[in-house]
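Peer 1: Fold the following for me, if possible:
(3 chains)
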Amino acid sequence: MSNVVFYALTGVGLFTLGLYALIVHVHLLRKILAINVMGSGVFLVLVALAARTQEAAPDPVPHAMVITGIVVAISATALALVLMLRVRAETGRATLPEEPLG
Amino acid sequence: MHDKTARLTTDEYTQLAPVVRLLIALLVSVAAAGLAYVVLSLPLVANGLKEAVAEHLALSGVSHPVTAVLLNFRGYDTLLEMGVLLLALLGVWSLGGIPQQREPSPGAVLDMLSRLLVPVLILVAGYLLWVGAHAPGGAFQAGSVLGAAGVLLLLAGWRPGARFVGLPLRITLVTGLGVFVVVGVTVMLVGGRLLEYPPSLAGALILLIEAAATLSIGITLAALFLGGRPETRVHR
Amino acid sequence: MQDFSWGVLVILLPLAGAVSCFLWPRRAVTLGLITALGVVACVAGLGWQVVEQGAQRYAVGGWGAPMGIDLYVDGLSVLMLMVTALVGLGISVYSSGYFDRDKAIHFWPLWMFLWTALNALFLSADIFNLYVTLELLGLAAVALVALAGGADALTGAMRYLLVSLLGSLAYLLGVALLYHSYGSVDIAILAQRVEPSPAVWAAVGLMSAGLLLKTALFPLHFWLPPAHASAPVPVSALLSALVVKASFYILLRLWLEVFPPTNAALGQLLGLLGAAAVLWGGLQALRQTRLKMLIAYSTVAQLGYLFLAFPLGTSIAWKGALYLLLSHAVAKAAMFMAAGNILRFGGHDRIADLDRVAQRLPLTLTAFGLAGVSSMGLPPSGGFIAKWLLLDAALRAEQWWWAIILILGGLLAAAYVFKVIGHAFTQAEVTHEAGAVPATMEWAALALALAAILLGLVALWPLALMEIGSPFGEEAAA
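Peer 2: Alright, predicted model coming up:
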């Protein structure tokens, strides 16, 4: 299996693993980490597939997209973490209340 | 399973029954298999926009393709992304301070290392900013290193002085975004389009934007680490 | 390419407003209101330009797609910008009276950022750029929800943030697959190059799932009621009226331009989910005891109508759905504002204890009533025109089952609107102390409610506007 395919499949794997963790885990910090893992998966897919070029140098546009994506992910994670701490301060536990169905 | 204490033990990491978890795991695996199939179905060789970028690289003002894409060809994305970073800080500040824990005084290792590393980090940030024009580097990379220096200082117990917190801090935070917008609009007023740098000035304009952005990004990241407005953290 | 200054200003002016509100918090309200007026003027200017000159494309940076980012404005984008401007102005006026000093300092920069994100989103023609605007929008919305403080708002905001990020990441993975298949992220270029292939199917699935999650289509709506009901009132209005419509707009654009190879199967599914949303949202709204929750579930129901256009796919159907989007934005904002007035007045929003609001807050109740008329789809109102168009489209396409859903939805809406109004005329068991409601808040609510009715009287002009640039394809005009 070529390098490109290996890394791209790893990205897919991270995305789905993160998705599973996001749904199943209850603690907010784990959910936030799961989102980060999913994000890393998407970025890996973007960057890995950019290396399919004919010569050695990769396609620069996905690299720029990933830089943008990383900054966005940091911003979102920072907000999420502080929000989580506030939820914990208000409710005593870092989890979301049981969701009423519908 | 539904305890009332603030801590969760490892056994209670989920509220879903094992059967439900298995079902979700199956669905997610199916999705993974589908995506894997899609990835394998993509052509093995694809150049994407690499040639288009290489063709116009000479006009972009820098010689590194990623920097050219980030700051020139797709600069509008970068402008909005600086907005996202500032917005996150605004959001964090609007949430009020996070509950304070008593800051222990820094241990000897942290104390010494921060004194050694912070100047080095600042130099590295400056270098990364400069080298971004022809090698991997640029505003975000330099800004991250600067942010790391800020985090190190904060961990060691340093806080910005009272004069700096307030309007001067806010001005430094918006400088990156502000310079970007001002440059973009100025070139538009002088007869081009938004963010259309004249090729002769492009390199200088990009460096200007990146310098302002590095400063703002570094301070924003350090401020995000702090988790609240500096003036709220009064501690001895 | 012609001059696009209005378009650029529409995006950069609210951004400048956000920065100035951040730098001078003491003047935040004034700066915010001035910016709001400025943005309305710029949107009007852009609209005028589109009416005169037709749809326009603008290459930011001078490079042009596929290497650069293009902005694109046609009748549909202008319509979205105008709705945003109208509702935005109303909410700005309302908020000037609603927030106290401490909250206002945080509200105005965040709200201006939200407006920037919306305007940038409606003008973008690049799917990666849309991702960045979606994130800008999502973070601003979450921060605004959390402004209310308290456990409900904070948990609602946290859930909203996680959902929003999940949606964005699914969307981004779709973008990645499309780029790596066709070498561009520009919508127009993708529209030409796209063909049915595994990658496109996956991208369609991922991007739709992400955008539907953000638009709160049943069954992905679970996050909406807690977030919209616990947010500060102007924020609830913004979320229900504008923010959920932004992801719908992106889905619509993609559907019309990039997804056509895969549309047939997905259309019926979206219609079914929309129908379920209408019924489920309506039933849940009836069960609520708190006014803001009722209005939030009403949003879930009304969003369902928008998706009835997908299985029909004709020009009339799209126009109906968009007219509903327009009317709902204005009416829902008015409804939330009215609820806010009632909340400020009585100190609570329990429906059963509304205590003769009709006598004591006549303006507010009128606003609620008129907004309700539009939600029910009674003439004369924007809601009526929208439902009429959708009914017409459904019957012409001989898919009469959607017509039944439209009628049932209207009945449910009538039921929950009259439930509120009925209680507003009766005396509660325990009379409450009346709080003061500023005139700006009452008049803002009434103005938007009147706009919802007005939309029923001047329908021809917005409908003609939608046509500019032929966003719905070159069909036989219907």
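Peer 1: which residues sit against stretch A:73-87?
Peer 2: With C-beta atoms under 8 Å, 6 or more residues apart in numbering or on different chains as the contact definition, stretch A:73-87 has outside contacts at A:28-29, A:32, A:35-36, A:39, A:94, A:96, B:84-85, B:87-89, B:91-92, B:95-96, B:98-99, B:221, B:224, B:227-228, C:135, C:138-139, C:142-143, C:146, C:151, C:154-155, C:157-158, C:161-162, C:165. The C-beta positions use only the backbone N, C-alpha and C, and glycine is treated the same way.
Peer 1: And for residue 45, the neighbour number?
Peer 2: All of this is about chain A. 27 (other C-beta atoms under 10 Å in any protein chain shown).
Peer 1: ah, I was thinking of chain C
Peer 2: Applying other C-beta under 10 Å, we find 15 other residues in the vicinity of C:Gly45.
Peer 1: do the same with B:Ala52
Peer 2: Other residues within reach of B:Ala52 by the criterion other C-beta under 10 Å amount to 19.
Peer 1: which other helices and strands contact the worst-scoring helix or strand of chain B on mean pLDDT?
Peer 2: When the helices and strands of chain B are scored by mean pLDDT, DSSP states H and E, helix B:50-60 comes last with a mean of 92. Taking 3 or more C-beta pairs under 8 Å, 6 or more residues apart in numbering or on different chains; DSSP states H and E as the contact definition, the neighbouring helices and strands of helix B:50-60 are helix A:60-91, helix B:65-68, helix B:199-226.
Peer 1: Adding mean pLDDT and mean neighbour count, write the ones you listed out as CSV.
Peer 2: Compiled in CSV, the helices and strands packed on helix B:50-60 are given as follows (pLDDT from 0 to 100; neighbours: other C-beta atoms under 10 Å in any protein chain shown):
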stretch, mean pLDDT, mean neighbour count
helix A:60-91, 95, 23
helix B:65-68, 94, 25
helix B:199-226, 94, 21
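Peer 1: Assign C:Ala59 to one of the three secondary structure states.
Peer 2: Reduced to three states with DSSP: H, G, I helix; E, B strand; the rest coil, the structure at C:Ala59 is strand.
Peer 1: Now for it: which residues touch it?
Peer 2: Under the criterion of C-beta under 8 Å, 6+ apart, the neighbours of C:Ala59 are B:193, C:1, C:65, C:68-70.
Peer 1: Kindly indicate the member of those residues with the most neighbours.
Peer 2: Within these, most neighbours by other C-beta under 10 Å means C:Ile69, with 27 neighbours.
Peer 1: residues from chain A in reach of chain C?
Peer 2: Within chain A, the positions lying close to chain C (C-beta under 8 Å from any C-beta of the partner chain) are A:15, A:19, A:22, A:28, A:31-32, A:35, A:38-39, A:41-42, A:45-46, A:49-50, A:52, A:61-62, A:65, A:68-69, A:72, A:75-76, A:79-80, A:83-84, A:86-87, A:90-91, A:96-97, A:99, A:101-102.
Peer 1: Recalculate using a threshold of 7 Å.
Peer 2: Selection of chain A residues close to chain C by C-beta under 7 Å from any C-beta of the partner chain yields A:15, A:22, A:28, A:31, A:35, A:38-39, A:42, A:45-46, A:49, A:62, A:65, A:68-69, A:72, A:75-76, A:79-80, A:83-84, A:86-87, A:90-91, A:96-97, A:99, A:102.
Peer 1: rewinding a little: just put the helices and strands packed on helix B:50-60 in TSV and tack on distance to B:Leu128.
Peer 2: Formatted as TSV, the entries for the helices and strands packed on helix B:50-60 read as follows, by distance: least, C-beta to C-beta, whole Å:
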stretch	distance to B:Leu128
helix A:60-91	13
helix B:65-68	11
helix B:199-226	8
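Peer 1: These: which one's closest to C:Leu408?
Peer 2: Nearest of the helices and strands packed on helix B:50-60 to C:Leu408, taken as C-beta to C-beta: helix A:60-91 at 38.3 Å.
Peer 1: picking up where we left off before, got the angle for the least confident helix or strand of chain B vs helix B:199-226?
Peer 2: Inter-element angle recorded for helix B:50-60 and helix B:199-226: 100 degrees (by axes from the mean of the first three to the mean of the last three C-alpha atoms, to 10 degrees).
Peer 1: Which residues does helix B:50-60 contact?
Peer 2: A:53, A:59-61, B:63, B:65, B:68-69, B:72-73, B:199, B:202, C:66-67 (C-beta atoms under 7 Å, 6 or more residues apart in numbering or on different chains).
Peer 1: What is the nearest of these to C:Ala191?
Peer 2: C:Pro66 (12.4 Å).
Peer 1: For that closest one, which non-adjacent residue is spatially closest?
Peer 2: Sequence neighbours aside, C:Ser184 is the residue nearest to C:Pro66 in space, at 3.8 Å (criterion: C-beta to C-beta, 6 or more residues apart in numbering or on different chains).
Peer 1: Next up, the contacts around that neighbour.
Peer 2: C:Ser184 is in contact with C:65-66, C:190, counting by C-beta under 7 Å, 6+ apart.
Peer 1: Could you export those as TSV, including pLDDT?
Peer 2: Formatted as TSV, these follow (pLDDT from 0 to 100):
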residue	pLDDT
C:Ala65	81
C:Pro66	90
C:Leu190	93
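Peer 1: Could you dump these into JSON lines and include secondary structure?
Peer 2: Formatted as JSON lines, the entries for the contacts of C:Ser184 read as follows, by three-state DSSP:
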{"residue": "C:Ala65", "secondary structure": "coil"}
{"residue": "C:Pro66", "secondary structure": "coil"}
{"residue": "C:Leu190", "secondary structure": "helix"}
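Peer 1: my guess is C:Leu166 is in a strand, correct?
Peer 2: No. Following the definition three-state DSSP, C:Leu166 is helix and is not counted among the residues of a strand.
Peer 1: any idea how far chain B is from it?
Peer 2: Using C-beta to the nearest C-beta, to the nearest Å, we find C:Leu166 at a distance of 13 Å from chain B.
Peer 1: and that residue, how many neighbours?
Peer 2: Burial of C:Leu166 is recorded as 23 neighbouring residues (other C-beta under 10 Å).
Peer 1: among the contacts of stretch A:73-87, which are in helices?
Peer 2: Where the contacts of stretch A:73-87 overlap with helices, as defined by DSSP state H, the overlap consists of A:28-29, A:32, A:35-36, A:39, B:84-85, B:87-89, B:91-92, B:221, B:224, C:135, C:138-139, C:142-143, C:146, C:151, C:154-155, C:157-158, C:161-162, C:165.
Peer 1: ok, the residue nearest the centre of chain A - contacts?
Peer 2: Using C-alpha atoms, centre = their mean, the residue of chain A that lies closest to the mean C-alpha position is A:Gly39, 2.1 Å off. Each residue near A:Gly39 by C-beta under 7 Å, 6+ apart is listed here: A:69, A:73, C:169.
Peer 1: returning to what we had before: buried ones among the contacts of stretch A:73-87?
Peer 2: Burial by neighbour count, judged by 16 or more other C-beta atoms under 10 Å in any protein chain shown, picks out A:28, A:32, A:35-36, A:39, A:94, A:96, B:84-85, B:87-89, B:91-92, B:95-96, B:98, B:221, B:224, B:227-228, C:135, C:138-139, C:142-143, C:146, C:154-155, C:157-158, C:161-162, C:165 from the contacts of stretch A:73-87.
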